[in-house]
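# Model the structure of this input:
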Amino acid sequence: MEDTIRQLQERITHLQRHIEQQDRAFLELSLEVSKLATRLARAESKVQQIGESEPGPPADERPPHW
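Residues are numbered from 1 along each chain as shown. The predicted structure follows:
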């Protein structure tokens, strides 16, 4: 009986460590996603500003080499 209890305690300890590692990994990924979302928002804003300030050639205009 004591052997079974010891095995269960070891399993619980292992699972607790595993959960802590997963929590840390999840937090790191969450922070990285947050940073990437911020960078993406800035990049989208820059692209939109460039598009508004510098209109491109009309879609139906032939390129100069034709």
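# make it CA atoms for all contacts and neighbour counts henceforth
Will do.
# helices or strands up against the helix or strand residue 31 falls within?
According to DSSP states H and E, residue 31 maps onto helix 2-53. Helices and strands touching helix 2-53, as assessed by 3 or more C-alpha pairs under 8 Å, 6 or more residues apart in numbering; DSSP states H and E, are absent.
# pLDDT weak spots in the chain?
54-60, 66 (pLDDT under 70).
# make it 90
1, 48-66 (pLDDT under 90).
# can you count the residues close to residue 35?
Residue crowding around residue 35 was assessed by other C-alpha atoms under 10 Å; the count is 12.
# Residue 43 too?
Residues within reach of residue 43, counting by other C-alpha under 10 Å, total 12.
# do the one 3 residues further on as well
By the measure other C-alpha under 10 Å, the count of residues near residue 46 is 12.
# and residue 24, what is it in contact with?
Under the criterion of C-alpha atoms under 8 Å, 6 or more residues apart in numbering, the contact list for residue 24 is empty.
# brain fart, residue 34
Contact criterion C-alpha under 8 Å, 6+ apart gives no residues in contact with residue 34.
# State the distance from it to residue 47.
To residue 47, residue 34 is 20 Å away according to C-alpha to C-alpha, to the nearest Å.
# go on, residue 7?
The gap separating residue 7 from residue 47 is 59 Å, by C-alpha to C-alpha.
# got it, and residue 14?
49 Å.
# okay, now residue 22: neighbour count?
Counted with other C-alpha under 10 Å, residue 22 comes out at 12.
# Sounds good, over and out.
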